[in-house]
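*Asks:* need a 3D model of the sequence below.
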Amino acid sequence: MPDDAAAARAAAEEESAFSHPPVDADVTAAYGDHPDQVIDFYAPRPGPESAAAPLAPLVVVLHGGAWRSRYDRRHVTPFADYLARRGFAVANVEYRRGGEPLIPGQQAGPGTEPDGSAGPPPAGRWPDTFDDVAAALDALPALVREALPQADPRRTVLTGHSAGAHLALWAAARHVLPADAPWRTDGPAPLRGVVALAPIADLEVAEKLDVCANASLQLLGGRDRFAERRPYADPALLLPTGIATTLVQGRDDLDVPHQVAEAYAEAAAKAGEMVGLTLLEDVGHFPLIDPAADACAVVAEEIAQLAW
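*Replies:* So this is what the prediction gives:
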């Protein structure tokens, strides 16, 4: 159990990350018929902190929230806007998650669930969550041409936070999925790289550490299906990818402990692939997506190293 000081700091970090008002997208486009099958696009806003270029690199963002509906893409819109202000074109992807969605006007965050219960709803939908991420990435090139002519899709970096970082790593590994996986692709995704932020990158280790109240177990449909479905869903089993990958992790993260990212990096090394791991001292879970935090600038720099 975390001590009182660590818990208080984690709570303050979360409060700061969720204190920013949502930032409306420049364009929203659908990649399917479900209300959650949409992508928000943010045009680059060049300024003193951004690099000047005829076309801007594209950053694709997959939000976290333990694959649960109470967290949607709105909570990372300040992060998306932060990246846009640094000169990136940004695509913020929504996807179907588990449990009931928020009611209009309700703020995502800890507390009572939308259905009035005290405990967390189920995490993720099988196979819908994976269907959506695959469909979104497949539809993205055409949508970007229409919505963001300022973007250079040849310089695409995929990023995500927490559960979204799991999905980012998974999306970059579709070409190494089992042959019977419906999401498998013939070749690697055309990415400059992946920057995974506090990733739930090894589902078995995450389950042993009870990350996000057994969210990994729920994502795969429960204990009876966990072992059967892991080869189709666990990034730690989908290596090597041949795609440049960097993990950014707060050493003091209480939500997704650094051991999860380290387990993925170790699995990659055993598979013959070097994965970057940036461990940030005195940083927890949420500063990585908080524009007010120094850690967010580190994240932007890691993305820039791959994109530019």
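*Asks:* need phi/psi at residue 298.
*Replies:* phi -60, psi -40 (degrees, to the nearest 10).
*Asks:* next, count neighbours for it.
*Replies:* 17 (other CB atoms under 10 Å). Just so you know, the C-beta spots here come from the backbone N, C-alpha and C atoms, and that holds for glycine as well.
*Asks:* any chance you could map the helices in the stretch 1-150 of the chain?
*Replies:* For the stretch 1-150 of the chain, the helices defined by DSSP state H, counting those that start in this stretch occupy 4-17, 77-85, 128-147.
*Asks:* tell me the most buried of the ones you listed?
*Replies:* The highest mean neighbour count among the helices of the stretch 1-150 of the chain, using mean count of other CB atoms under 10 Å, belongs to helix 77-85: a mean of 24.
*Asks:* strands along the stretch 151-300 of the chain, start to end?
*Replies:* 151-161, 193-197, 245-250, 276-280 (DSSP state E, counting those that start in this stretch).
*Asks:* using PDB, write out every CA atom in the third one.
*Replies:* Right, the one you point to is strand 245-250. Taking Å, rounded to 0.1, in the frame of the first residue of the first chain, the C-alpha atoms of strand 245-250 are listed here in PDB:
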ATOM      1  CA  THR A 245       9.400   2.100 -29.600                       C
ATOM      2  CA  THR A 246       9.900   4.200 -26.500                       C
ATOM      3  CA  LEU A 247       8.200   3.800 -23.100                       C
ATOM      4  CA  VAL A 248       7.900   6.800 -20.800                       C
ATOM      5  CA  GLN A 249       7.100   6.000 -17.200                       C
ATOM      6  CA  GLY A 250       6.900   7.700 -13.900                       C
END
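*Asks:* so what are the sheet partners of it and their directions?
*Replies:* Partner strands and pairing direction for strand 245-250 (DSSP bridges) are strand 193-197 (parallel), strand 276-280 (parallel).
*Asks:* residues making contact with the first one?
*Replies:* If you take CB atoms under 8 Å, 6 or more residues apart in numbering as the criterion, strand 193-197 is touched by 157-162, 165-166, 168-169, 172, 243-249, 261, 288-289, 299, 302-303, 306-307.
*Asks:* and the strands paired with strand 245-250: which comes nearest residue 4?
*Replies:* Taking CB to CB, strand 276-280 is the member of those nearest to residue 4, at 22.0 Å.
*Asks:* so how far is that closest one off the chain centroid?
*Replies:* 16 Å (CA atoms, centre = their mean, to the nearest Å).
*Asks:* begin at 11, not 1, for the rest of this chat.
*Replies:* Renumbered: residue one is now 11, and that last one reads strand 286-290.
*Asks:* may I have it as CSV, with CA atoms only?
*Replies:* Taking C-alpha atoms only, strand 286-290 is exported to CSV below (Å, rounded to 0.1, in the frame of the first residue of the first chain):
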residue,chain,number,x,y,z
GLY,A,286,13.7,2.7,-25.0
LEU,A,287,12.6,3.1,-21.4
THR,A,288,12.6,6.6,-19.9
LEU,A,289,11.9,6.5,-16.2
LEU,A,290,11.1,9.9,-14.7
